[in-house]
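Asks: I'd like to go over a predicted model; first the sequence, then the structure.
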Amino acid sequence: MSLRKQTPSDFLKQIIGRPVVVKLNSGVDYRGVLACLDGYMNIAIEQTEEYVNGQLKNKYGDAFLRGNNVKSLAHSLSPEQAETSKSTTVFPEGFKRIRT
């Protein structure tokens with residue numbers, strides 16, 4: 001059995017049309033269904049919920065998030081999946097995960 005290393009591009013293609021969590025530099029989180037994104041990490045999401053400090057603040061049909069405000073993009077898992085798996089996060093180019 002061979003394992004193929006997944007690239008960020010592969011990951012992004014796989015999560016289009018799936019639930020995601022987008023964290024902004026401001027600390028605000030947006031959760032919804034990923035509609036599309038571009039090379040600048042501009043993100044369009046549907047069925048959008050806005051969370052501030054973990055509290056639901058607003059619901060939007062569609063939202064456009066400018067890429068330079070995006071801190072991270074993670075595939076959102078159901079509570080059952082979250083217990084057995086870790087969420088995968090993609091950082092914009094130039095960002096690296098720091099393990100402590």
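Replies: Looks like it came in fine. Since we're looking at a predicted model, the values are computed, not measured.
Asks: so Gly32 belongs to a helix, correct?
Replies: No - counting by DSSP: H, G, I helix; E, B strand; the rest coil, Gly32 is not found in a helix; it is strand.
Asks: wait, it touches Ala44, no?
Replies: No - the pair Gly32 and Ala44 does not pass the contact test of CB atoms under 8 Å, sitting 9.4 Å apart. C-beta coordinates here come from the backbone N, C-alpha and C atoms, glycine included.
Asks: so what sits against both of those two?
Replies: Shared contacts of Gly32 and Ala44, defined by CB atoms under 8 Å, 6 or more residues apart in numbering, comprise Ala63.
Asks: just give the closest residue to Glu46, not the sequence neighbours.
Replies: Counting by CB to CB, 6 or more residues apart in numbering, Glu46 lies nearest to Val33, which is 4.6 Å off, once chain neighbours are set aside.
Asks: give me the beta-bridge partners of the one you found?
Replies: Legend: beta-bridge partners of Val33 under DSSP bridges are Pro19, Glu46.
Asks: so how far is Arg4 from it?
Replies: 26 Å (CB to CB, to the nearest Å).
Asks: looking at those two, which is more packed in?
Replies: Using other CB atoms under 10 Å as the criterion, Val33 and Arg4 rank with Val33 on top: 17 against 6.
Asks: can you name every helix or strand that the one helix or strand Phe11 maps to contacts?
Replies: Secondary structure assignment for Phe11, by DSSP states H and E: helix 8-15. The contact analysis (3 or more CB pairs under 8 Å, 6 or more residues apart in numbering; DSSP states H and E) places helix 8-15 against strand 70-75, strand 89-90.
Asks: hmm, try it at 10 Å
Replies: If contacts are counted by 3 or more CB pairs under 10 Å, 6 or more residues apart in numbering; DSSP states H and E, helix 8-15 sits against strand 29-37, strand 70-75, strand 89-90.
Asks: the second one pairs with which strands, parallel or anti?
Replies: When you say that, I think you mean strand 70-75. Sheet pairing for strand 70-75, assigned by DSSP bridges, gives strand 19-24 (antiparallel), strand 89-90 (antiparallel).
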